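Student: I need the structure of the sequence given here:
(chains A and B)
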Amino acid sequence: MTPHLMLFFVLAALAVGGAVSLIVASHPIRSALALIVVMVALAGLYLLLGAEFVAAVQIIVYAGAIMVLFVFVIMLLNAGEEERTNVSRLAGTAGIPLAVALAGFLAAAVARSTPVTATGAAAQGAASTRALANLLFREFVYPFELTSFLILVAILGALVLAQREK
Amino acid sequence: MVPTNYYLALSAILFGLGVVAFVFKRNIITIFMSIELMLNAVNLAFVAFSQALGKLDGQVFVLFVIVVAAAEAAVGLGIIILIARNRQSLNVERVNLLKF
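Tutor: Modelled structure (predicted):
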């Protein structure tokens, strides 16, 4: 049991525990906090994988910006306890078998694959971030510019949706 | 080093939990959060493959996924505010005008 593996299991348990408590929690605020735990655990896993920049972005954008937006909306709408209603017939009859089938297929695919350990060819540390920037601003520059249009459209959409009707 | 399979298994587990939350939660905000959980699970698979193959393309994809998730959150939460204003409820069972 190397320290790496031990750290992986701790973070994985944290992530799965957070995801389970997202499902179990009845109040949306608790679900949001559980999701933040998952995201922080995933940021730790990204660090373990040597993706420092992605880990930082995960914390800043996901756990920071997006989840703050969620918590803000939950509090703005004064969302209370979730009403317990009967699960719809479709979800009851088809949902659970399909979820089990999906989990089975994924587990089978993972189990059948040969164990791979990293080749370790990827650049480490600051060099990794530099290589990522080179890739993003050279080979992926058109998709990168397109995402700025996407964000612009999203801002306009959010403004149009959230304004009060005249 | 941790084998890539472990990361993929964790990613699959998180994605499955996201699907379960998506199907069984009744609050529209929580359903939206379970979509974010699934996106995060896919991101983990991307980064794990990026490390396994020794290429950084997977990490670039993760950045794009995060951008799309942010845009989706902005628009989706706007829609949620509208639904809450029109229906006085966050329960998806009450949003049934299009239901056959």
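Student: helices or strands next to the longest helix seen in chain B in the packing?
Tutor: Criterion DSSP state H: the longest helix present in chain B is helix B:57-87. Packing contacts for helix B:57-87, counted by 3 or more CB pairs under 8 Å, 6 or more residues apart in numbering or on different chains; DSSP states H and E, involve helix A:52-57, helix A:67-76, helix A:125-138, helix A:141-162, helix B:28-53. Placement of C-beta: from N, CA and C, glycine included.
Student: lowest-confidence helix or strand of chain B?
Tutor: Ranked by mean pLDDT, DSSP states H and E, the weakest helix or strand in chain B is helix B:4-24, scoring a mean of 88.
Student: same for that helix, what does it pack against?
Tutor: Using 3+ CB pairs under 8 Å, 6+ apart, helix B:4-24 sits against helix A:3-24, helix A:28-48, helix A:96-112, helix B:28-53.
Student: closest to A:A56 out of the ones you listed?
Tutor: helix A:28-48 (7.9 Å; CB to CB).
Student: if I look at the residue lying closest to B:F49 once chain neighbours are set aside, how far off is A:E52?
Tutor: Of all residues not flanking B:F49 in the chain, B:G58 sits nearest, at 5.1 Å (CB to CB, 6 or more residues apart in numbering or on different chains). B:G58 sits 14 Å away from A:E52, going by CB to CB, to the nearest Å.
Student: neighbour count: these two, which is higher?
Tutor: A side-by-side neighbour count of B:G58 and A:E52, using other CB atoms under 10 Å in any protein chain shown, places B:G58 first with 21 against 17.
Student: who's in contact with the more buried one?
Tutor: Contact partners of B:G58, counting by CB atoms under 8 Å, 6 or more residues apart in numbering or on different chains, are B:46-51.
Student: one more pass at 6 Å, please.
Tutor: Shown in contact with B:G58 (CB atoms under 6 Å, 6 or more residues apart in numbering or on different chains): B:46-47, B:49-50.
Student: between those residues, which is nearest chain A?
Tutor: Nearest to chain A out of the contacts of B:G58 is B:V47 (CB to the nearest CB; 5.0 Å).
Student: that closest one: how many residues sit nearby?
Tutor: Around B:V47 there are 26 residues (other CB under 10 Å).
Student: show me what contacts it?
Tutor: Residues near B:V47 by CB under 6 Å, 6+ apart: A:46, A:49, A:51, B:58, B:62.
Student: so who does B:A21 touch?
Tutor: Here B:A21 is in contact with A:22-23, B:34 (CB under 6 Å, 6+ apart).
Student: low-scoring stretches of chain B, by residue?
Tutor: Scanning chain B for pLDDT under 70 picks out B:100.
Student: try it again with 90
Tutor: Where chain B drops to pLDDT under 90, the residues are B:1-6, B:8-9, B:12-13, B:16-17, B:19-28, B:51-56, B:78-100.
Student: one more: chain A?
Tutor: A:1-5, A:25-27, A:50-51, A:62-65, A:76-132, A:135, A:158-166.
Student: tell me the domain ranges of it?
Tutor: Recorded structural domains for chain A (assignment: automatic domain parsing) are A:1-80, A:124-166.
Student: residue closest to the middle of chain A?
Tutor: For chain A, the residue sitting closest to the mean C-alpha position, by CA atoms, centre = their mean, is A:M39 at 5.9 Å.
Student: these two touch, right, it and A:Y62?
Tutor: Yes: between A:M39 and A:Y62 there is a contact at 4.9 Å, judged by CB atoms under 6 Å.
Student: list the residues that contact both of those two?
Tutor: Counting by CB under 6 Å, 6+ apart, A:M39 and A:Y62 have no common neighbour.
Student: sorry, back to before: looking at the domains of chain A, which is buried most?
Tutor: Of those, the one with the most neighbours on average (mean count of other CB atoms under 10 Å in any protein chain shown) is domain A:1-80, at a mean of 18.
Student: distance between that domain and the chain's centre?
Tutor: Distance of domain A:1-80 from its chain centroid, counting by CA atoms, centre = their mean, to the nearest Å, is 7 Å.
Student: do it and chain B come into contact?
Tutor: Yes: contact of domain A:1-80 with chain B (CB under 6 Å from any CB of the partner chain) involves A:4-5, A:8, A:12, A:16, A:19, A:22-23, A:28, A:31, A:35, A:42, A:46, A:49, A:51, A:54, A:61, A:66, A:69, A:73-74, A:77, A:79.
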